[in-house]
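Enquirer: quick check, what structure comes out for this input:
(one chain, ligands or ions: 1)
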Amino acid sequence: MAIFKIPIQLGGFVLLNSTVNNPLSTFVLLALVYGFTLATYRLLFSPLSAIPGPKLAAVTRLWILYHDYKNQRTDTITNLHKKYGPVVRIGPNEVSFTSTSAVKDIYTGSGREGGFPKGFMYAMFTHYGRYNMFSSLTSEAHSWRRRMIASSYSLTNILNREAGKGDIWRTVGEYLEHVRREGVESKTRPGHSIDIYPVNIYFACDNVSAHVFGEERGTRALGSARDNVEIRLQRDSIDDWYIPTRREKIYLWTDFNIALRCFETFEKTAQKFLRIIQRRVDLDPKYIGGTFLHNYAYNNMRDLKDRPSPELTVAKNLLSGKVSGKVSEIFDEFGAASESMDHMLAGMDTTSDTLSFLLAMLALPEYHQYQEKIRSSLPDLPPFDQPLSLVDINHILTNPYINSVIKETLLIFPAIPVTLPRVVPSGGRVVDGLWLPEGTLASSSVRAVNLALLPEFEENTGNVRWEPSRWLISTDADKDRTQELERRLWSFGSGGRGCIGKHLALTEMSLLLAAILANYNIRREDNIALEVPHSHWTCRRSFRDIAYLKDFNGFLRFEPL
Ligand code: HEM
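Expert: As a prediction, the model looks like this:
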């Protein structure tokens, strides 16, 4: 015993001695003791310590940040749920849930209390230095904004507007014209081949901009035979928007929010100076700094203010909207522009991604028969310069085959697959029977929630397949199963902060799909030697960190019937 005691005492003496004499060693020693104590607390004594998950994730946030950095958050979380079940601790202060009851507790809430407030990450989706509905964190900042424009996105409004004006149907016609005009004629097969990703972005952009600002002010990125400089500029500018920037690594910004705040302060100050200089140079300045889209949204808002339009649009609601309730913010033309700009972004990426994945899957040989099934179930469709009747729109929107491919794509390839972060409010809350202290990040990842609905994922029996027929109903049991699946499908989020543009997106996608299949067979074009000048299939600017169809070159052939 004594033999061992001496060196330990000696070692302790040396350590103590060098520590006293060397401030750096003191610092290192204290840091080690602090680190060890913190790790022990987080692992064994924290209120979250009973929740399963990787030990390293429980000890340090660097673990999840590393996966964020590698753009692997969604895949990692999905795999953890497969291993540990519906509740997983993914950080010292962060828990991920997949059960329906937890999603309800967190995102819908109960009684007067709605869902939990949003995490700080959303604050980066402000524009022109102003918050909007999507970026506002608390329900106090959110609800008056949503009230102002909710009616513009109701199903009734979308349907009546479309039956009256036919904007989406006209854009569908422009889409098919774009494919014929810009597509590459195949030497061996009939039809035109085109990289569908950008075409779907132009389609979604033209639609959402017309919905927000009115037909006259909407973008015309799909263009026409008489393409002019402005239209080509619109297309180029939209393409530019997809160059990855700081928004690519959104979760890192949550943790490095001091950097984010500094960046935003710099951005705001720079814009302020730019405006001061512009006012001196040009008494009617139109350029306010930022990207094409920023200028487009702001200029349209200003123009609408000066030259009001009779058309009822989201922008008009914003300009004339009464700010009701307890509001502590200024709402001016920049606030209105921030809101519109955000709708453009929210409506572009998501709808176009969903369409691209859907068309890419339907063009595979095993789904050629399914294309036939959809085609034979369609009503006769009028020309594109004539609005569809309300009956025809409803017929298409309720078509079980069209619905099946759209829902299956939303289920397997959600355009927003990531964690939607929420923060436990003061006093702490119980979620799924677990008590979570205030400030805990309690969230769900859309893809993990969706996949947990599938028996093949739950039972770990194989790869998840894109199988639209799972949505078709032939028996009573099918009906119960599909109703349940539909109720729990989480691709548009849920609760008061769920997607406001859902009906617009579903109408756009359904009408386009009906028109494509009424006129064409779509096929994968594997032999094309053209280069795809972007990487949208593998990465998106924000809110999607999964590459779904890595092997697809992006080109589809549209073979006329
Ligand atoms: C397939 C298409 C779409 C998908 C999958 C989708 C998905 C989502 C999801 C998951 C959310 C919730 C985000 C969260 O809780 O953090 C959301 C919110 C939102 N979406 Fe969509 N979206 C789509 C189309 C659109 C369109 C066309 C618009 C057009 C304006 C739009 C506008 C918005 C807005 C403004 C919010 C924020 C709502 C709020 O905070 O009250 N989305 N969307």
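Enquirer: next one: phi and psi at Arg488?
Expert: phi -100, psi -10 (degrees, to the nearest 10).
Enquirer: could you verify my assumption that it touches Val446?
Expert: No. Counting by Cβ atoms under 8 Å, Val446 is not a contact partner of Arg488; they are 11.8 Å apart. C-beta here means a position set from N, CA and C on the backbone, and glycine is covered the same way.
Enquirer: so between the two, which is more surrounded?
Expert: Neighbour comparison, Arg488 and Val446: the larger count goes to Val446, with 24 against 16 (by other Cβ atoms under 10 Å).
Enquirer: surely Cys499 forms part of a strand?
Expert: No. Cys499 sits outside any strand when classified using DSSP: H, G, I helix; E, B strand; the rest coil, being coil.
Enquirer: that one and Leu506 touch, don't they?
Expert: No. When contacts are counted by Cβ under 8 Å, Cys499 is not listed as touching Leu506 (10.2 Å).
Enquirer: these two: who's more crowded?
Expert: Neighbours per residue (other Cβ under 10 Å) separate Cys499 from Leu506, with Leu506 holding more: 21 against 18.
Enquirer: the stretch 351-500 of the chain against the ligand: which residues are in contact?
Expert: 351, 354, 415-416, 420, 446, 491-493, 497-500 (Cβ under 6 Å from any ligand atom).
Enquirer: which among the residues you listed end up buried?
Expert: Buried by 16 or more other Cβ atoms under 10 Å: 351, 354, 415-416, 420, 446, 491-493, 497, 499-500, out of those.
Enquirer: in TSV, list those along with pLDDT and secondary structure.
Expert: Supplementary listing: these in TSV, determined by pLDDT from 0 to 100; DSSP: H, G, I helix; E, B strand; the rest coil:
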residue	pLDDT	secondary structure
Thr351	96	helix
Thr354	96	helix
Ala415	94	coil
Ile416	94	coil
Leu420	96	coil
Val446	97	helix
Ser491	97	coil
Phe492	97	coil
Gly493	96	coil
Arg497	94	helix
Cys499	97	coil
Ile500	97	coil
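Enquirer: show me which pair in those is furthest apart.
Expert: Greatest spatial distance among those (Cβ to Cβ): Thr354 and Arg497, at 19.6 Å.
Enquirer: can you list the domain ranges for the chain.
Expert: Domain segmentation of the chain under automatic domain parsing yields 4-45, 53-118+428-452, 126-133+143-416+491-560.
Enquirer: now distance to Asp476 too, for these, in CSV please.
Expert: Output for the domains of the chain, formatted as CSV (distance: least, Cβ to Cβ, whole Å):
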stretch, distance to Asp476
domain 4-45, 50
domain 53-118+428-452, 22
domain 126-133+143-416+491-560, 16
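Enquirer: out of those domains, which gets the lowest mean score?
Expert: Lowest mean pLDDT of the domains of the chain: domain 4-45, a mean of 74.
Enquirer: would you mind giving the buried ones among the residues of the stretch 351-500 of the chain next to the ligand as TSV with distance to Ile158 added?
Expert: Output for these, formatted as TSV (distance: Cβ to Cβ, whole Å):
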residue	distance to Ile158
Thr351	13
Thr354	17
Ala415	19
Ile416	20
Leu420	24
Val446	23
Ser491	18
Phe492	14
Gly493	18
Arg497	20
Cys499	13
Ile500	11
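Enquirer: run the chain-centre distance for stretch 187-197.
Expert: Distance of stretch 187-197 from the chain centroid (Cα atoms, centre = their mean, to the nearest Å) equals 29 Å.
Enquirer: so what touches that stretch?
Expert: 179-180, 182-186, 352, 355-356, 359-360, 520, 523, 525, 528, 530, 532, 534, 536-537, 554-560 (Cβ atoms under 8 Å, 6 or more residues apart in numbering).
Enquirer: go with 6 Å
Expert: 179-180, 183-186, 356, 359, 525, 528, 532, 536, 554-560 (Cβ atoms under 6 Å, 6 or more residues apart in numbering).
Enquirer: so which bits of this protein are right by the ligand?
Expert: 133-134, 146, 208, 342-343, 346-347, 350-351, 354, 415-416, 420, 446, 491-493, 497-501, 504-505.
Enquirer: now the strands for this structure?
Expert: 87-91, 94-97, 184-185, 192-195, 429-431, 434-436, 441-443, 520-524, 555-560 (DSSP state E).
Enquirer: could you dump those strands into TSV and include mean neighbour count?
Expert: Below are those laid out as TSV (neighbours: other Cβ atoms under 10 Å):
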stretch	mean neighbour count
strand 87-91	24
strand 94-97	25
strand 184-185	13
strand 192-195	22
strand 429-431	17
strand 434-436	17
strand 441-443	24
strand 520-524	20
strand 555-560	21
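Enquirer: Serialize the ones you listed to JSON lines and add fields for distance to Asp303.
Expert: As requested, the strands of the chain are exported to JSON lines (distance: least, Cβ to Cβ, whole Å):
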{"stretch": "strand 87-91", "distance to Asp303": "46"}
{"stretch": "strand 94-97", "distance to Asp303": "44"}
{"stretch": "strand 184-185", "distance to Asp303": "38"}
{"stretch": "strand 192-195", "distance to Asp303": "33"}
{"stretch": "strand 429-431", "distance to Asp303": "46"}
{"stretch": "strand 434-436", "distance to Asp303": "48"}
{"stretch": "strand 441-443", "distance to Asp303": "39"}
{"stretch": "strand 520-524", "distance to Asp303": "38"}
{"stretch": "strand 555-560", "distance to Asp303": "36"}
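Enquirer: for Arg544, see how far away Val88 is.
Expert: 21 Å (Cβ to Cβ, to the nearest Å).
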